[in-house]
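Chemist: I'd like to go over a predicted model; first the sequence, then the structure.
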Amino acid sequence: MAKPKLAPAPAPIAVVADAAPAPKKKSKKLLLIIVAVLVLLGGGGGAWFFFGRHAADANHEAAKDGKDGKDEKSEKKAPTFVTLEPFTVNLLEENGDHYLQVGIVYQVGDGKVVDAMKMYMPVLRNRVLLTLSSKHPSEIASLEGKQKLVAELVTAARESIPGATPDRGIDGAFLSAFVIQ
């Protein structure tokens with residue numbers, strides 16, 4: 001039997017030629033990623049140099065002095081608020097009957113003041129009602145009038161709670177709703 005002659009296989013030159021450009025694309029992507037990472041690291045280092053370095057120096061100096069770098073006054077705790085139920089009062093007559101509906105939120109020092117306010121809530125609500133109902137609509141319509149009213153509400157709250165300190169833990173008051181009709 002005669003052996004059939006086999007034709008030689010074509011050279012895989014075409015396959016090799018197609019595979020060569022792929023690493024170039026990969027290397028461009030890799031190069032772009034490396035450059036982007038270096039830019040970001042450089043920017044972060046620059047930001048630390050301008051902003052973080054001063055804080056680090058201050059903490060280092062405080063550590064030398066035996067302090068932890070934080071002042072007691074600089075450590076602010078979250079504020080505590082006490083929201084009163086809304087008030088609806090008749091205002092003093094001025095060109096007809098008017099009423100005021102107002103929501104009041106007090107900012108206080110701590111939980112002890114909250115407990116004291118709850119204990120003296122009837123006294124506080126009475127003082128607030130008397131303060132609100134003693135106003136004419138024109139007195140409290142302007143911004144200055146509202147600011148004066150807020151100051152009076154703070155005074156009413158401080159006078160409602162017995163204590164030795166003048167502010168009695170009441171830091172301020174805020175109007176959460178305000179309607180005159």
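Modeler: Noted; the coordinates are in hand. Numbers count the residues shown, from 1 in each chain.
Chemist: which phi and psi does residue 120 have?
Modeler: phi -100, psi 20 (degrees, to the nearest 10).
Chemist: That one: what's it in contact with?
Modeler: Neighbouring residues of residue 120 by C-beta atoms under 8 Å, 6 or more residues apart in numbering: 160-162. The C-beta positions use only the backbone N, C-alpha and C, and glycine is treated the same way.
Chemist: hmm, 7 Å instead?
Modeler: 160-161 (C-beta atoms under 7 Å, 6 or more residues apart in numbering).
Chemist: what about it, distance to residue 33?
Modeler: 66 Å (C-beta to C-beta, to the nearest Å).
Chemist: Residue 165 too?
Modeler: Distance of residue 165 to residue 33, computed by C-beta to C-beta: 62 Å.
Chemist: Low-confidence ranges, this structure, go.
Modeler: 1-26, 43-75 (pLDDT under 70).
Chemist: the helices in it, which residues?
Modeler: 13-19, 21-47, 53-65, 111-119, 121-133, 137-141, 143-160 (DSSP state H).
Chemist: how is this protein carved up into domains?
Modeler: For the chain, automatic domain parsing gives the domain ranges 14-65, 80-180.
Chemist: Point out the most buried one among those domains.
Modeler: The highest average neighbour count among the domains of the chain, using mean count of other C-beta atoms under 10 Å, belongs to domain 80-180 at a mean of 15.
Chemist: how long is it from one end to the other?
Modeler: End-to-end distance for domain 80-180: 28 Å, by C-alpha to C-alpha, to the nearest Å.
Chemist: now stretch 130-138
Modeler: 17 Å.
Chemist: outside of it, which residues touch it?
Modeler: By C-beta under 7 Å, 6+ apart, stretch 130-138 touches 87, 89-92, 94, 98, 100, 102, 149, 152-153, 156, 180.
Chemist: In strands, which of those residues appear?
Modeler: Among those, the members found in strands (DSSP state E) are 87, 89-90, 100, 102, 180.
Chemist: Output those residues in a markdown table, with distance to residue 132 appended to each entry.
Modeler: Below are the ones in strands among the contacts of stretch 130-138 laid out as a markdown table (distance: C-beta to C-beta, whole Å):
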| residue | distance to residue 132 |
| --- | --- |
| 87 | 6 |
| 89 | 5 |
| 90 | 9 |
| 100 | 6 |
| 102 | 7 |
| 180 | 11 |
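Chemist: with those residues in mind, which one is nearest to residue 27?
Modeler: Nearest to residue 27 among these is residue 102, at 70.1 Å by C-beta to C-beta.
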